[in-house]
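*Asks:* pasting the sequence and the predicted coordinates here, then a few questions.
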Amino acid sequence: MLTIKAQKRLGGFIRHSWLMLSVFAILFPFLWIALSGFKREIDIAMSRISFAPVWSNYEELLFSKSSTYLTNFLNSVIVSFSATVLCVGIATLAAHSLRRHKWPIFAVSAILIFSMIFNMTPAMTLVGAWHSLFVKVGINNTLFALILVNVVLLLPMALWLMMTFMRDVPEELEEAAAIDGCTPAEIFRKIVLPLVVPGMMATSVIVFVFSWNEFQAALTLTTKATQTVPVAIAKFAQEYEVKHGAMAAAATLSTIPAVMLMLVATRYIVSGLTNGAIK
Amino acid sequence: MKDNQQLWRWTSLAPLLLFFGALALLPVANILYMSFHTVQWAEGVSTWTPVGLENYERLPKDAFFSIGVWNTIVFSVTSVAIQMVLGFLLALAVVRIKWGSTFYKTIFILPILIPGIVIGAIWKLMLDFDFGVLNQINIWLGLQPLDWTGSVKLAMPAIIIVDVWHWTPFVFLLMLAGLQGLPEDVFEAAKVDGTGPFRELFKITLPLMLPTILVTLMFRIILAFKVFDEIFLLTGGGPGTATEVIAFSIFRTFFFENRVGLGSAMSFAVIFAVALLVVISLAAQRYAQSKG
């Protein structure tokens, strides 16, 4: 029989081993692709573990005339940033309106059920319709069109999250402000907004990440000039002769925002990912 | 005062309604309309011929669509089941350790934040027949190298492995939040009564976690249902139709085969099935609540 103390130690050892194994399983593929970005094509093809690191993949990606990667990166930044601001703004307003402005219950349910159905539908189902709509309006293949699509794709998630964060705002404060003669717009700006800022941050981080990663709409609604980073990476892999080194370098660079967010905003990411689900 | 309130009430909701109306409802209506036509392009001009239900009658016979539906179900059920078990075990381990939980959480978030396409690129390097790490390990162990993404038998398991790697951390995070929210006194009482660890897991932890488990399951199935990016990069739906999923069938019909009518019918069928699923599960939830 083991003593209780020894049992506890053994349990801790087993748990940490299992967790460290998972950490390895998660980090190893990342390290492997990061390393591959510094390999020559021949080093990759020979699967060499030791190799002389070269910058050629990055140089070609960033500075060669035929590469559009910097433009793609800029496109991704513009699209994700604008989509996040618009999406979270719209969702915050709507969440407050749906919670506090006494809409009939059937209207609120209808909006929430519709947004749930829309969220479950693969983006691919609507791409054809978006394309013909944008052609008609004359904004097809523009970043603006892609921003609009990103906003609508991520609205259900943002709305869902902001509805849960909005619930934590004490209603009495708003009522007191109304009695003091604040207009509804003032109540929203001066009372509600400051209280939901943490919730908006969490939602923004999640929306930004999903928008940065979005591929189905970006693949089908952009041309070479307006394509985003994921589309560019996919093109490296789709060419007749796969450029593994360039693909690895492009993929590694594309994870910069995610890694930065992971380091500075873990708290917001966790609250954004779990809040909508658990509360 | 009253007018002011009405005005703000509407202006705060209007942007949402505008976006949903113009970019979600209108496209669905458009898809429905297109699904009753065949569209032909000649010199940049499209001719629409109404064909009634012909496109829908073709769906069950379409070589890709029915396989796509079946593969999507197989893929979603298998990979989500594995993720639920692994994610729960990880959360259980993290909730019971004394130090390092922030470290583990930070690392585990990483795959969730990475673009699906990058996940595809990472595993394209790992799974390559000639130089992929997995096959190098196989050779090192004295085994035959496996054609992960190129053989009919292995392609789907390979995609499932990639998806498990990608999304288990998400299940872990939700499960951990659930476990941390459980009432502690129940566990203390169980300890006082001398309940064994397995009995505690099956009789206390799992029943208490049921709401979290169900919500996590729903979130994961939604995302699994939409899978596209990794498959696009790793197998392109192949070899043959081994990894053909719904999103890919629609993509192929619209953009490779240019059959807008048939593609629209596929799209609308999927949207309709999803809507039905949502309404039924909400009704079931309501029924269960009224009974309980």
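*Replies:* All right, it came through fine. Numbers count the residues shown, from 1 in each chain, chains lettered A, B, ... in the order given.
*Asks:* name the helix or strand for the residue nearest the centre of chain B, please.
*Replies:* In chain B, the C-alpha nearest the mean C-alpha coordinate belongs to residue B:224, at 1.6 Å (CA atoms, centre = their mean). Using DSSP states H and E, residue B:224 sits in helix B:206-225.
*Asks:* buried ones in the helix or strand hosting residue A:110?
*Replies:* Using DSSP H and E, residue A:110 sits within helix A:105-120. Within helix A:105-120, the residues scored as buried using 16 or more other CB atoms under 10 Å in any protein chain shown are A:111-112, A:114-120. The C-beta positions use only the backbone N, C-alpha and C, and glycine is treated the same way.
*Asks:* can you pull the pLDDT of residue B:41?
*Replies:* For residue B:41, the pLDDT comes out at 69.
*Asks:* residue A:108 against residue A:98, yeah?
*Replies:* Yes: contact criterion CB atoms under 8 Å: residue A:108 and residue A:98 qualify, at 5.3 Å.
*Asks:* can you classify residue B:49 by secondary structure?
*Replies:* strand (DSSP: H, G, I helix; E, B strand; the rest coil).
*Asks:* what number of residues lie near residue B:79?
*Replies:* 25 (other CB atoms under 10 Å in any protein chain shown).
*Asks:* do residue B:37 as well
*Replies:* Residue B:37 is flanked by 20 other residues according to other CB under 10 Å.
*Asks:* cool, and residue B:274?
*Replies:* Residue B:274 has 21 nearby residues by other CB under 10 Å.
*Asks:* ok, back up a step: pull the distance from the helix holding residue A:110 to the chain's centre.
*Replies:* 22 Å (CA atoms, centre = their mean, to the nearest Å).
*Asks:* what's that helix packed up against?
*Replies:* Other elements packing on helix A:105-120 under the criterion 3 or more CB pairs under 8 Å, 6 or more residues apart in numbering or on different chains; DSSP states H and E are helix A:69-100, helix A:143-167, helix B:2-20, helix B:206-225, helix B:260-291.
*Asks:* contacts for it, please.
*Replies:* A:98, A:155-157, A:159-160, A:163, B:16, B:20, B:24-25, B:222, B:225-226, B:271, B:274-275, B:277-279, B:282 (CB atoms under 8 Å, 6 or more residues apart in numbering or on different chains).
*Asks:* what subset of those residues is buried?
*Replies:* Looks like these have A:98, A:155-157, A:159-160, A:163, B:16, B:20, B:24, B:222, B:225-226, B:271, B:274-275, B:278 buried, using 16+ other CB under 10 Å.
*Asks:* can you pull out the low-pLDDT segments for the stretch 1-150 of chain A?
*Replies:* Across the stretch 1-150 of chain A, the ranges flagged by pLDDT under 70 are A:1-2.
*Asks:* go with 90
*Replies:* A:1-14, A:30-69, A:99-102, A:116-117, A:119-122, A:128, A:131-132, A:135-136, A:140-141 (pLDDT under 90).
*Asks:* which residues touch residue 213?
*Replies:* Unless you meant another one, I'm taking chain A. A:230, B:113-117.
*Asks:* my bad, the chain I had in mind was chain B
*Replies:* Counting by CB under 8 Å, 6+ apart, residue B:213 touches B:84, B:88, B:175, B:178, B:206.
*Asks:* check contacts around residue A:157.
*Replies:* A:119, A:206-207, A:210, A:276.
*Asks:* can you list those residues in CSV and add secondary structure?
*Replies:* CSV is the format used below for the contacts of residue A:157 (three-state DSSP):
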residue, secondary structure
A:119, helix
A:206, helix
A:207, helix
A:210, helix
A:276, helix
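*Asks:* of all these, the one with the weakest confidence?
*Replies:* Comparing the contacts of residue A:157 by pLDDT, residue A:276 comes last, at 63.
*Asks:* quickly list the domain ranges of chain A.
*Replies:* Split into domains by automatic domain parsing, chain A comes to A:4-57, A:66-278.
*Asks:* mind listing the helices for chain B?
*Replies:* Counting by DSSP state H, chain B has these helices, from start to end: B:2-20, B:26-34, B:54-58, B:63-95, B:101-113, B:116-127, B:133-140, B:152-180, B:184-192, B:197-200, B:206-225, B:229-234, B:246-251, B:260-291.
*Asks:* among those, which comes closest to residue A:263?
*Replies:* helix B:101-113 (7.8 Å; CB to CB).
*Asks:* so which elements touch the closest one?
*Replies:* Using 3+ CB pairs under 8 Å, 6+ apart: helix B:101-113 touches helix A:4-36, helix A:193-213, helix A:256-264, helix A:266-278, helix B:63-95, helix B:152-180.
*Asks:* buried set for the last one?
*Replies:* The reference is to helix B:152-180. B:154-156, B:158-179.
*Asks:* these two touch, right, residue A:167 and residue A:96?
*Replies:* No: look at residue A:167 against residue A:96 with CB under 8 Å: they stay out of range, at 10.7 Å.
*Asks:* higher neighbour count, the two?
*Replies:* residue A:96 (23 against 12).
*Asks:* mind listing what that one touches?
*Replies:* Contacts of residue A:96 (CB under 8 Å, 6+ apart): A:162, A:166, A:188, A:192, B:12.
*Asks:* kindly indicate which of the contacts of residue A:213 lies nearest residue B:129.
*Replies:* residue B:117 (20.9 Å).
*Asks:* tell me the contacts of the closest one?
*Replies:* A:213, A:215, A:230-231, A:233-234, A:251, B:229-230, B:232-233.
*Asks:* what sits against the closest residue to it other than its chain neighbours?
*Replies:* Here the nearest residue to residue B:117 in space, its sequence neighbours aside, is residue A:230; by CB to CB, 6 or more residues apart in numbering or on different chains that works out to 4.0 Å. With contact taken as CB under 8 Å, 6+ apart, residue A:230 is in contact with A:76, A:213-215, A:218-219, A:254, B:115-118, B:229.
*Asks:* nearest to residue A:24 among the residues you listed?
*Replies:* Of all the contacts of residue A:230, residue B:118 has the smallest distance to residue A:24: 19.3 Å, by CB to CB.
*Asks:* the closest one contacts residue A:257, correct?
*Replies:* No: with contact defined as CB under 8 Å, residue B:118 does not reach residue A:257; the gap is 11.5 Å.
*Asks:* which one's more surrounded, the two?
*Replies:* Using other CB under 10 Å as the criterion, residue B:118 and residue A:257 rank with residue B:118 on top: 31 against 19.
*Asks:* distance of the more buried one from residue A:139?
*Replies:* Distance of residue B:118 to residue A:139, computed by CB to CB, to the nearest Å: 28 Å.
*Asks:* so what pLDDT did the residue lying closest to residue B:182 once chain neighbours are set aside get?
*Replies:* The shortest distance from residue B:182 to any non-neighbouring residue, by CB to CB, 6+ apart, is to residue B:208 (5.4 Å). Turning to residue B:208, the model gives it a pLDDT of 88.
*Asks:* list the contacts of residue B:208.
*Replies:* B:182-183, B:186.
*Asks:* got those as JSON lines, with pLDDT and distance to residue B:291 columns?
*Replies:* Formatted as JSON lines, the contacts of residue B:208 follow (pLDDT from 0 to 100; distance: CB to CB, whole Å):
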{"residue": "B:182", "pLDDT": "86", "distance to residue B:291": "25"}
{"residue": "B:183", "pLDDT": "85", "distance to residue B:291": "24"}
{"residue": "B:186", "pLDDT": "82", "distance to residue B:291": "24"}
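*Asks:* just name the closest of those residues to residue B:266, please.
*Replies:* residue B:182 (43.5 Å).
*Asks:* hmm, back to that, now do the SS call for the residue nearest to residue B:117.
*Replies:* Assignment for residue A:230 (three-state DSSP): helix.
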